[in-house]
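**Student:** Below: sequence and its predicted model.
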Amino acid sequence: EPEQGQLSPEPTQEPTPEPAAKPIPFTIAWISDTQAYTAADSDVFGRMTQWIADTQAEYNTVLAVHTGDIVYNAFREYEWKSAVAAFAKLPKDLHILTAAGNHDQLPSEDTGTPYLDHRPDTDFDTAHAFDSKGLSYYMTFEAGGVPILVFSLAYGQEVEAANWVNTVCKQYADHYAILCLHSYLDPSGY
């Protein structure tokens with residue numbers, strides 16, 4: 001308190017923070033479980049991706065996600081060819097992320113998987129991979145002025161990768177995070 005006769009100091013003005021820019025609306029197209037279409041060598045999956053391509057400008061679609069079971073049988077090359085043809089219809093400027101489902105991977109005792117040879121992911125970077133094979137990884141990009149962090153978690157790695165996901169989220173604390181995985185419930189539904 002100032003002594004009698006002294007003036008109180010003038011309060012300092014804090015600068016008014018600039019309001020955050022309003023994000024530009026954007027869309028994420030999400031596909032899953034197309035294995036019946038690729039197994040039947042059907043054009044349904046291709047019609048889905050063609051629709052995404054045809055409406056990209058209208059909806060400002062920035063990312064296409066496929067959360068697994070792209071094919072029914074990872075051993076059947078014709079199923080992968082069908083999937084590759086469907087993904088090829090997506091625009092070249094669209095981010096693409098897939099998460100390996102149980103049908104996409106060979107048995108766990110086999111160290112290879114055709115999924116890694118055929119996935120169309122546009123932003124895969126080995127430096128962002130959880131495992132040495134690159135089955136699970138993350139990508140970052142900006143959409144509508146919003147920083148986005150997207151995880152692809154392969155079937156069977158969901159629990160094993162939990163601490164890694166949390167660590168990456170802390171590293172990108174200013175990003176909105178999206179978790180893409182094929183299965184998050186056990187067979188009993190919990």
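**Tutor:** Cool, the structure landed.
**Student:** wait, is residue 141 part of a helix?
**Tutor:** No. When DSSP: H, G, I helix; E, B strand; the rest coil is applied, residue 141 is found to be strand, with no helix at that position.
**Student:** Surely it is in contact with residue 148?
**Tutor:** Yes. With contacts counted by Cβ atoms under 8 Å, residue 141 reaches residue 148, the gap being 5.6 Å. Where you see a C-beta, it was placed from the backbone N, CA and C, and this is true even at glycine.
**Student:** Go through the protein and flag its longest helix.
**Tutor:** Using DSSP state H to define each element, the chain has its longest helix at helix 44-59.
**Student:** Could I get the CA-only coordinates of that one as CSV?
**Tutor:** Listed in CSV are the C-alpha atoms of helix 44-59, where the atom choice follows Å, rounded to 0.1, in the frame of the first residue of the first chain:
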residue,chain,number,x,y,z
VAL,A,44,-17.2,-51.6,-55.0
PHE,A,45,-14.0,-50.6,-53.3
GLY,A,46,-12.9,-48.7,-56.5
ARG,A,47,-16.3,-46.9,-56.6
MET,A,48,-15.7,-45.8,-53.0
THR,A,49,-12.3,-44.3,-53.8
GLN,A,50,-13.6,-42.8,-57.0
TRP,A,51,-16.3,-41.0,-55.0
ILE,A,52,-13.7,-39.6,-52.7
ALA,A,53,-11.7,-38.4,-55.7
ASP,A,54,-14.9,-36.9,-57.3
THR,A,55,-15.9,-35.0,-54.2
GLN,A,56,-12.5,-34.0,-52.9
ALA,A,57,-12.9,-30.3,-53.8
GLU,A,58,-16.5,-30.1,-52.6
TYR,A,59,-15.7,-31.5,-49.2
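**Student:** thinking again about what came up before, overlap in contacts, residue 141 and residue 148.
**Tutor:** In terms of Cβ atoms under 8 Å, 6 or more residues apart in numbering, residue 141 and residue 148 are both contacted by the residues residue 63.
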